[in-house]
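> below is the structure, and that's it, no one-letter string:
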């Protein structure tokens, strides 16, 4: 129990004092030495000291001087006489001064002190020590002895083999004294080398160091403490109190240093977050700048293989390269929001990224990327379709050109022959008929020439890579055709001129030629059609081809009859020649077509029919498979698309509802996020089906309105939305914990926000935000803000009428500049919470930090680098030294630093 009882009675343990003195005289010896040393530690300030405590205080002069030194007050003028009455008067003046300080002296009179009563003198000194050295010690609302003991226990708690429980035997091994010195001045004692079994060394070390470096005189003897079973408690308390007073200033410096360390740690962490944001933003923008030119490159390739490789590269970009960048962009926005929240919570100015690295700049760059990406895939598919069409047309051109060139081979030489000049009449007539048949054949081939020219024109329009060779070949065919036309006309005129000279003609040859030529042309056309390649994209198109082919096969019996009839004409000719021995027997002067050729071509047509059947069947099977792929993709897309839309709507509802605490909402959202992520395999499966569709060159799907691009964009928006919503709840928790906002306040803020967010957009317009502030009790009509907490109906009505539904423009503009720094005209819930938290909570200020620096500087207007290094951790001391400006005040010294401007710069009130 503390000797002080609250009534100024410091001597209620007088009986214990007497008993102690009688039981253990060794304590008196310890007290004499300790109290003498304690008195001398103060008397030497006045240039004097005592040798014998009971003798030197008898005249009361040094006793009065001691009280003046330790109290800092002047006592009444002492008596200088040598008589007993003078001494008693001086001692009474000293005792009266002690009593005036609220100390009730029991059983201590001036006569005992003047008579040199050792017991009473020691009791009086102990009372003085209690009043002036121990009474003011306070630790966690305890005082005097208990406070001093608690201070010792806390300071020595980290040291092994030290257990301070009292002020006697706990100090016998000397480690307690050494621990106190090492805790505050570790450079003075190598604590690791001390041993508990060597108390003499420990005690002498502590006493010597305290006397030499801490200005604490030796008040105890190591031998006395060790030899005494239970050292004197009052002596120990007196000596330990000197340690407390010596180090009390150090504790204030530690508190100030801790505050500065906290502020600097927040600043360093924020600077690291800013550097991380800058680097991540730079990397993402560089990737976007490198990617956009690739997506904007529309240089077509000449082959299907090269274009399909480009399509595969684009698929790799969408599957492998872009998704991580989507995550980086989302994480960048989350980091930016978290950083801004931390800056607001620590009362720092908002972070402004470097030029061109704002979140809006990144969103604009990302929009440009997606714009280039959207057109790129469409261009690739169109190019593939174009190349497919080109390959088909080029092959068709080559086939028709080859057939035509084969037909025209030798025709010019034939038309240039002058055989009619020496021919007989019958031969002339035959030549004329033959020429008529040729003209008929030439007219029949006119369509093929026009088709060849049309195909060549289409290849040019589609920018076919081998257009020069196609054009050259087409030009040769057209030039040859014109030449054939001219030669035909010349030969016809020649034959007509000699026709009058020729009368006989074999009608049968003519009939054969007339019927064989179109039939032969029909067979060539049929072979050409049967060998013609086709390209279809739907079952309906292949069914149309199959129907046309069936119709063609239905004409074969009639064609066979025509063939038999034509061959019958030739048989009749042979019969006539054989019968009448005609010179023309065995030849047909009107045509080069012979029965063998007709039969060979007929056999060829019969062979091509089943081959065409097989090709149509295979194409029909392929189109059925394509239809299956369309339905397979559509079935999944028609489920996934609405699912994504539903999840987006549910997340929007969750973000504005107020079910449970923020932690409950965060847990609910994280479970929701997990369920969304677990849905990813279905998206991947749909990507696989889409790849099969593209590989099958399927370009439309009537079974669904959802494209793979719709699903991809919806999925990316869903992941970004849930991540942003979770980040908003986390920032609200961070704001609530840092600002001490209760759950009820948050619910009130959310309810007000939701009430005025009538379109459920998650944001408030300027007028909505103004109405919301009014509903929460903010009166800004006179550009002065007050918080009432609530506003009843009458007050609210009066406020609205007095303001005409219009708040003070200046104050409202100030508030809007805080919650909407980018002047977007909207207020998000996070900005709303940040504003309300600033209006309802207090934070560290520049003045508080400035006051802490002033403590470290010893109440100076500047601080030195050595003082920063001594009181702060090395890294934070270097941080301050590097950023503090030189002090320019009139009281400055070389190396002085201006901590005041540094403190204001930390909170954005000046430049750092």
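Cool, the structure landed. These numbers come from a predicted model, not from an experiment. Numbering: from 1, shown residues only.
> tell me the secondary structure for residue 163?
With DSSP: H, G, I helix; E, B strand; the rest coil as the basis, residue 163 sits in coil.
> what sits against it?
The neighbourhood of residue 163, defined by C-beta atoms under 8 Å, 6 or more residues apart in numbering, consists of residue 170. Where you see a C-beta, it was placed from the backbone N, CA and C, and this is true even at glycine.
> please redo it, this time with the cut-off set to 10 Å
By C-beta atoms under 10 Å, 6 or more residues apart in numbering, residue 163 lies in contact with 153, 156, 157, 170, 175, 176.
> tell me which residue is most central in this protein.
For the chain, the residue nearest the mean C-alpha position is residue 331 (0.9 Å; C-alpha atoms, centre = their mean).
> work out for me the element the closest residue in space to it that isn't next to it in sequence sits within.
Distances taken as C-beta to C-beta, 6 or more residues apart in numbering put residue 280 closest to residue 331, at 7.4 Å, once the chain neighbours are dropped. Residue 280 belongs to helix 233-296 when assigned by DSSP states H and E.
> what's the mean pLDDT across that helix?
Taken as a whole, helix 233-296 has a mean pLDDT of 80.
> and for stretch 351-359?
Mean pLDDT, stretch 351-359: 83.
> again with stretch 194-206
Stretch 194-206 comes out at a mean pLDDT of 90.
> which residues touch it?
Residues from elsewhere that reach stretch 194-206 (C-beta under 10 Å, 6+ apart): 159-162, 171-182, 188-191, 193, 216, 218, 220-226, 239, 243.
> so which bits of it are buried?
The neighbour-count check on stretch 194-206 (16 or more other C-beta atoms under 10 Å) flags 194, 199, 202, 203, 205, 206 as buried.
> returning to that earlier point: redo the contacts of residue 163 as CSV? Include secondary structure, distance to residue 713 and neighbour count.
CSV is the format used below for the contacts of residue 163 (DSSP: H, G, I helix; E, B strand; the rest coil; distance: C-beta to C-beta, whole Å; neighbours: other C-beta atoms under 10 Å):
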residue, secondary structure, distance to residue 713, neighbour count
153, helix, 66, 16
156, helix, 66, 20
157, coil, 61, 12
170, helix, 74, 19
175, helix, 72, 27
176, helix, 72, 26
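> closest to residue 447 out of those?
Closest to residue 447 out of the contacts of residue 163 is residue 157 (109.1 Å), distances taken as C-beta to C-beta.
> isn't the closest one right up against residue 179?
Yes: because the distance of 9.2 Å satisfies C-beta atoms under 10 Å, residue 157 is recorded as touching residue 179.
> follow-up on the earlier one: now intersect the buried residues of stretch 194-206 with the strands, please.
Members of those lying in strands (criterion: DSSP state E): none.
> let's see which of those residues end up in helices.
Mapping the buried residues of stretch 194-206 onto helices (DSSP state H) picks out 199, 202, 203, 205, 206.
> ok so, going back, among the contacts of stretch 194-206, which ones are buried?
Buried residues within the contacts of stretch 194-206, counting neighbours by 16+ other C-beta under 10 Å: 159, 162, 171-182, 188-189, 191, 216, 218, 220-222, 224-225, 239, 243.
> my guess is residue 741 meets residue 345, correct?
No: between residue 741 and residue 345 there is no contact, the gap being 11.3 Å when judged by C-beta under 10 Å.
> tell me, how many residues neighbour residue 244?
For residue 244, the neighbour count with other C-beta atoms under 10 Å is 20.
> and it, how far from residue 171?
According to C-beta to C-beta, to the nearest Å, residue 244 and residue 171 sit 14 Å apart.
> am I right that residue 392 is in a helix?
Yes: secondary structure of residue 392, determined by three-state DSSP: located in a helix.
> could you report the neighbour count for it?
Residue 392 has 14 neighbours, counted by other C-beta under 10 Å.
> residue 263 now?
Neighbourhood size, residue 263 [other C-beta under 10 Å]: 23.
> excluding chain neighbours, what is closest to it?
Leaving aside its chain neighbours, residue 263 sits nearest to residue 849 (5.4 Å; criterion: C-beta to C-beta, 6+ apart).
> after the helix or strand that neighbour falls within, which helix or strand is next?
In the assignment (DSSP H and E), residue 849 maps to helix 846-856. Downstream of helix 846-856, the next assigned helix or strand under DSSP H and E is helix 865-871.
> buried ones in the helix or strand that that following helix is followed by?
Moving toward the C-terminus from helix 865-871, the next helix or strand (DSSP H and E) is helix 874-883. Neighbour-count burial for helix 874-883 flags 876, 877, 879, 880, 881 (criterion: 16+ other C-beta under 10 Å).
> now for the residues you listed: which two are most distant?
Taking C-beta to C-beta as the measure, those span a maximum distance of 9.8 Å, between 876 and 881.
> okay, and the common contacts of these two?
residue 868.
> about what we covered before: need the buried residues of helix 874-883 in JSON lines (columns: distance to residue 78).
Shown next, in JSON lines, are the buried residues of helix 874-883 (distance: C-beta to C-beta, whole Å):
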{"residue": "876", "distance to residue 78": "54"}
{"residue": "877", "distance to residue 78": "52"}
{"residue": "879", "distance to residue 78": "57"}
{"residue": "880", "distance to residue 78": "53"}
{"residue": "881", "distance to residue 78": "54"}
